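J.: When you get a sec, could you give me coordinates for this:
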Amino acid sequence: MDYEVKIIDLEAPGVGDQVASLINTTFNHNLTWQEIKLNTYYDNSIAGSPPSFYVGAFDRDKLIGFTAYKSHDFLYNGEVVNCFHHCVVCTSNEYRGKGIFPKILEFGKAEILRLGGGFVYGIPNHNSGPVFKKLNYKFFGPFQKVNVFNIPFLFESAFKPWTENDILYSSDSYFQNDFQLIDSKRKEEGDAIIVVEDFGNVLWGKVLHKKMGPVRVSYFSVGGMIVNKPHFFKQTVKKLFKKHSVQFVQFIFHNTSIFKNLFNKPVDAAFVEPFVVYDLKAKLPEKASFNFMPGIKNNF
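T.: Predicted structure coming up:
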């Protein structure tokens, strides 16, 4: 079949309605065009990096496939590396099985390379994961998790001991730009995004609720953190507990992250999708290190 893959003009008449309709039909959502943009588009041109962009597949004037490429500036050895997260990938039901998804991904990679992007990454589910493997994306394995409970014995046993002279750092390691991510998430969620700063450390995220058996508990989901003083890290978490009424703080980080060294027993996060990368301008080593947390995802 004939269809055209191209950059979506965000100012084109009716484009917002088409994108919203395709996403809502595919995922059984009820999102507005404005909500979709706040979730998947970030303009970081103020930092000198290219803004996010959308790619669509069109059968004449009909949108039949869509992917958002959200721009992020990561930090690597003191340098900014602009990268993109392809998120909200969808194809119209009647056009599935026609190779639209892979062609959108190939088009997106070519555009990112043209923009000088370091790599494109995704956090695929069980449906899209096999496609990324066929397209030679690198799978860097699972995320890990630590739940720190607001109970004295459990709290203390969660952390490894650190001294004033210890430094939590690794060269040749990617760090997320937390202040950029906070700005992006606050544009979408406002004051629901909470930032705790203490002793040179920063924790940010939001309060969520879940049922654990018959009990409904509140917990703080960490989107990202900056740990300049690891020996004060426990105090930073204690301050969070004092300011917010939650039963535990949930830390999720990539398995290669140095953040796992803060804790005694991180475990694989069984229900968190794996991290996949296609390197472009940045050539990633086989054992690349990513200090990434859930804030890098559009659906945090």
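J.: can we go C-alpha only for contacts and neighbour counts from here?
T.: Noted.
J.: Could I get the CA-only coordinates of stretch 29-36 as PDB?
T.: This file holds the C-alpha atoms of stretch 29-36, laid out as PDB (Å, rounded to 0.1, in the frame of the first residue of the first chain):
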ATOM      1  CA  HIS A  29      -7.900   6.800  26.400                       C
ATOM      2  CA  ASN A  30      -9.900  10.000  26.500                       C
ATOM      3  CA  LEU A  31      -7.000  12.500  26.200                       C
ATOM      4  CA  THR A  32      -7.200  16.000  24.700                       C
ATOM      5  CA  TRP A  33      -4.700  17.300  22.200                       C
ATOM      6  CA  GLN A  34      -3.400  19.700  24.900                       C
ATOM      7  CA  GLU A  35      -2.900  16.800  27.300                       C
ATOM      8  CA  ILE A  36      -1.000  14.800  24.700                       C
END
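J.: Buried residues, that stretch. List them.
T.: Within stretch 29-36, the residues scored as buried using 16 or more other CA atoms under 10 Å are 33, 36.
J.: Just the CA trace of stretch 47-66, in PDB.
T.: C-alpha atoms of stretch 47-66 as PDB (Å, rounded to 0.1, in the frame of the first residue of the first chain):
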ATOM      1  CA  ALA A  47      19.300  25.200  26.200                       C
ATOM      2  CA  GLY A  48      20.400  25.200  22.500                       C
ATOM      3  CA  SER A  49      19.000  21.700  21.800                       C
ATOM      4  CA  PRO A  50      16.400  20.800  19.200                       C
ATOM      5  CA  PRO A  51      12.800  20.500  20.500                       C
ATOM      6  CA  SER A  52      10.600  17.400  20.400                       C
ATOM      7  CA  PHE A  53       8.900  16.400  17.200                       C
ATOM      8  CA  TYR A  54       6.200  14.100  16.000                       C
ATOM      9  CA  VAL A  55       6.300  11.700  13.100                       C
ATOM     10  CA  GLY A  56       3.100  10.400  11.300                       C
ATOM     11  CA  ALA A  57       2.200   8.000   8.600                       C
ATOM     12  CA  PHE A  58      -0.500   9.300   6.300                       C
ATOM     13  CA  ASP A  59      -2.800   7.500   3.800                       C
ATOM     14  CA  ARG A  60      -3.500  10.700   1.800                       C
ATOM     15  CA  ASP A  61      -4.800  13.000   4.500                       C
ATOM     16  CA  LYS A  62      -5.600  10.400   7.000                       C
ATOM     17  CA  LEU A  63      -3.200   9.800  10.000                       C
ATOM     18  CA  ILE A  64      -2.700   6.100  10.300                       C
ATOM     19  CA  GLY A  65       0.500   5.900  12.400                       C
ATOM     20  CA  PHE A  66       2.100   8.100  15.000                       C
END
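J.: Please tell me how far that stretch is from the chain's geometric centre.
T.: 19 Å (CA atoms, centre = their mean, to the nearest Å).
J.: all helices in the stretch 201-300 of the chain, in order from the N-terminus.
T.: Assigned by DSSP state H, counting those that start in this stretch, the helices in the stretch 201-300 of the chain fall at 233-243.
J.: For it, just list every one of the strands.
T.: Using DSSP state E, counting those that start in this stretch, the strands of the stretch 201-300 of the chain run over residues 201-212, 215-227, 248-254, 267-268, 276-279, 289-291.
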